[in-house]
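J.: Just the structure for this:
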Amino acid sequence: MPAAENRILVAKVLGKPIYLDQIEPRDNEIKRKQLSKSDYEKWYRESCAIKLLSDVSRQAVADYASREKFSPSREEYAAVIAEVVKKHPGLVKDEEAQRKTGIRLFWLFGAFHDWIVAKALHEKYGGPIAISSFGACTSIEGRNAVLKEYASAGKITFHHAEIEMAFWDRTRDERVLDASMESQLPCQLDWSLAFGQ
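T.: Coordinates of the predicted model:
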């Protein structure tokens, strides 16, 4: 990592800096050798924008969800645990099963939190929902509305014009990594999928 005074500031989210070296793609030097200069520059900007969008969105949407109290309650988490234990009583039979169940619940709670936030944002803003192969949900229109609101309020600031332009272009891109697009969230979640039983 470069010395602090040599780092290039790209953006700030809620006062926290994001530097270019934090969002640069790992295969940067390989691509520089493989691509023409113009193709490389385009690839580089887009790759940085993808990582920046992920980092900025995660922080801004988490802050927004906290402010709006979109997080699951303790009672909702307890209900999920009770449902899992009821449907899969063998998951808590011994220490090793409890350890594996704990790992699965940790993943499940992350997906559950994403689902609650995406549902709330979808109900407020509509639009498509991206559901990743790992179970994370994102309300695209909701995320974009939060990003615009935070940028307008100065909670997100950009310090690199080319990457900022690629960032906003990416918010309008219909391609969303490994996610499938849905017009609405499923009515019920089948928690048993997380436990393979």
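
J.: list the contacts for the one residue sitting closest to the centre of the chain?
T.: In the chain, the C-alpha nearest the mean C-alpha coordinate belongs to residue 58, at 4.9 Å (Cα atoms, centre = their mean). Counting by Cβ atoms under 8 Å, 6 or more residues apart in numbering, residue 58 touches no other residue. Placement of C-beta: from N, CA and C, glycine included.

J.: tell me which element it is part of?
T.: Residue 58 belongs to helix 37-68 when elements are defined using DSSP states H and E.

J.: pLDDT (mean, whole number) over that helix?
T.: In this model, helix 37-68 has an average pLDDT of 93.

J.: List the buried residues for the helix or strand that contains residue 150?
T.: For residue 150, the element it lies in under DSSP H and E is helix 140-152. Burial within helix 140-152, assessed by neighbour count using 16 or more other Cβ atoms under 10 Å, is assigned to 140-147, 150-151.

J.: repeat for stretch 21-30
T.: Quick answer for stretch 21-30 (16+ other Cβ under 10 Å): residue 23.

J.: Between the two ends of that stretch, how far is it?
T.: Terminal residues of stretch 21-30 lie 16 Å apart, using Cα to Cα, to the nearest Å.

J.: Just the CA coordinates for the helix or strand residue 80 falls within, please, in PDB.
T.: For residue 80, the element it lies in under DSSP H and E is helix 74-87. The C-alpha atoms that make up helix 74-87 are tabulated as PDB, following Å, rounded to 0.1, in the frame of the first residue of the first chain:
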ATOM      1  CA  ARG A  74     -34.500  -9.800  17.800                       C
ATOM      2  CA  GLU A  75     -37.900 -11.500  17.700                       C
ATOM      3  CA  GLU A  76     -37.600 -12.100  13.900                       C
ATOM      4  CA  TYR A  77     -34.100 -13.600  14.400                       C
ATOM      5  CA  ALA A  78     -35.500 -15.800  17.200                       C
ATOM      6  CA  ALA A  79     -38.300 -16.900  15.000                       C
ATOM      7  CA  VAL A  80     -35.900 -18.000  12.300                       C
ATOM      8  CA  ILE A  81     -33.800 -20.000  14.800                       C
ATOM      9  CA  ALA A  82     -36.900 -21.600  16.300                       C
ATOM     10  CA  GLU A  83     -38.100 -22.600  12.800                       C
ATOM     11  CA  VAL A  84     -34.700 -24.000  11.800                       C
ATOM     12  CA  VAL A  85     -34.400 -26.100  15.100                       C
ATOM     13  CA  LYS A  86     -38.000 -27.300  14.700                       C
ATOM     14  CA  LYS A  87     -37.500 -28.400  11.100                       C
END
